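*Asks:* I would like to see how this sequence folds:
(4 chains)
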Number of protein chains: 2
Amino acid sequence: MESRIERIKKHLHSSSYKLTPQREATVRVLLEHEEDHLSAEDVYLLVKEKSPEIGLATVYRTLELLTELKIVDKINFGDGVSRYDLRQEGAAHFHHHLVCIECGAVDEIQEDLLEDVEAIVEKRWNFQIKDHRLTFHGICYRCQDKEE
Amino acid sequence: MESRIERIKKHLHSSSYKLTPQREATVRVLLEHEEDHLSAEDVYLLVKEKSPEIGLATVYRTLELLTELKIVDKINFGDGVSRYDLRQEGAAHFHHHLVCIECGAVDEIQEDLLEDVEAIVEKRWNFQIKDHRLTFHGICYRCQDKEE
DNA sequence: TTCCTTTTTTAAAATGATTTTCATTTTGAA
DNA sequence: TTCAAAATGAAAATCATTTTAAAAAAGGAA
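*Replies:* Presented below is the predicted three-dimensional model:
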């Protein structure tokens, strides 16, 4: 059976891009840090551990390329940096996030939950939805426990 | 009856901040441009028309202050700049956005639409929601017409 | 293989948004 | 009026990200 890396390689090739060693190292870091919401700088530092010669600009270019190909999602929690999440394979919809305003933790919601809302928006606003971003800011279960 | 500006003034005073001429000029620009999703630079240029002595740093500081006091919402559509929206008075919930990937237009959805989703999230993830951000990316009704 | 063209990379410089610094001005309370 | 704190403006600094330019790598054709 085909590995995730191999499928990404094919995906790149089908758009006539190569899976260079630098790109592969970057993808591997993303694979090892799913759900971690790494910034470009985070990714850079992690890639550097195994491939010290890589440049920050290459990481940025790779993340941009992967975003274009919809292999990763670029997200923004309003803290001044973009973060990059590997897309779940076969996921029809982008996952949602829970950002804790106490401790800063970011949890993920894989369920869609928006089918009904999207149906309403498409019909009522006559808007053809291609993608969405939903983030809740609040207090996570861990911090709720702390307070009591 | 009390004007919007006066209520904002009281809001500032209740946190022991002053409504200085610069702050008032900034708020007035926001009041005159609701739904326009102005960037700090946009606000600065508009404020400058009436108050040419104002500095960009002051506009940034004012927008930050208004954000802290929840008088404005700072939003980010992933285009590299933060945008600032005056909050609807008495609006329990932040409004949502429709971003057109063809023409870049940003439309607003004032309806909540998320009550059910939030109830599920609060219960199932045991997360105490304080705020949310929901943005749909897709094709607006204007661009759909163009294509046909 | 060798040559050639294209893609990719690197490091450094450039850019652009935002924040900080610091000297000056304004403010409100005593 | 006097004083300390708050606010401002201009410039400098910062930080994330992008661009540049030259070198390296990759792939295909002869």
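*Asks:* tell me which parts of chain A are close to DNA strand D?
*Replies:* A:18, A:20-21, A:39-41, A:56-57, A:60-61, A:64, A:80-82 (C-beta under 7 Å from any atom of the strand). For glycine as for every other residue, the C-beta is placed from the backbone atoms N, C-alpha and C.
*Asks:* Enumerate the residues of chain A near DNA strand C.
*Replies:* A:17-18, A:20-23, A:51, A:53-55, A:57-58, A:61-62, A:80.
*Asks:* So which of those belong to helices?
*Replies:* Secondary structure assignment by DSSP state H places A:21, A:22, A:23, A:57, A:58, A:61, A:62 of those in helices.
*Asks:* Identify the farthest-apart pair in these.
*Replies:* The largest separation in those, counting by C-beta to C-beta, is between A:21 and A:57 at 15.8 Å.
*Asks:* Nearest residue to the middle of chain A?
*Replies:* residue A:85 (1.5 Å; C-alpha atoms, centre = their mean).
*Asks:* For it, give me its contacts.
*Replies:* Residues counted as contacts of residue A:85 (C-beta atoms under 8 Å, 6 or more residues apart in numbering or on different chains) are A:34, A:35, A:37, A:72, A:73, A:75, A:95.
*Asks:* Can I get the one helix or strand it maps to as CSV, trimmed to CA atoms?
*Replies:* Assigned by DSSP states H and E, residue A:85 belongs to strand A:82-86. In CSV, the C-alpha atoms belonging to strand A:82-86 read as follows (Å, rounded to 0.1, in the frame of the first residue of the first chain):
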residue,chain,number,x,y,z
SER,A,82,0.3,31.9,9.9
ARG,A,83,0.1,28.3,10.9
TYR,A,84,0.0,25.3,8.7
ASP,A,85,-2.0,22.1,9.1
LEU,A,86,-1.7,19.0,7.0
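*Asks:* who does that strand pair up with?
*Replies:* strand A:38-39 (antiparallel), strand A:72-76 (antiparallel) (DSSP bridges).
*Asks:* mind giving me the domain ranges of chain A?
*Replies:* Chain A breaks down into these domains under automatic domain parsing: A:1-90, A:91-148.
*Asks:* want to try a markdown table for those domains, with distance to residue B:6 and mean pLDDT as columns?
*Replies:* Listed next are the domains of chain A as a markdown table, based on distance: least, C-beta to C-beta, whole Å; pLDDT from 0 to 100:
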| stretch | distance to residue B:6 | mean pLDDT |
| --- | --- | --- |
| domain A:1-90 | 30 | 93 |
| domain A:91-148 | 29 | 91 |
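*Asks:* Appreciated, that's everything.
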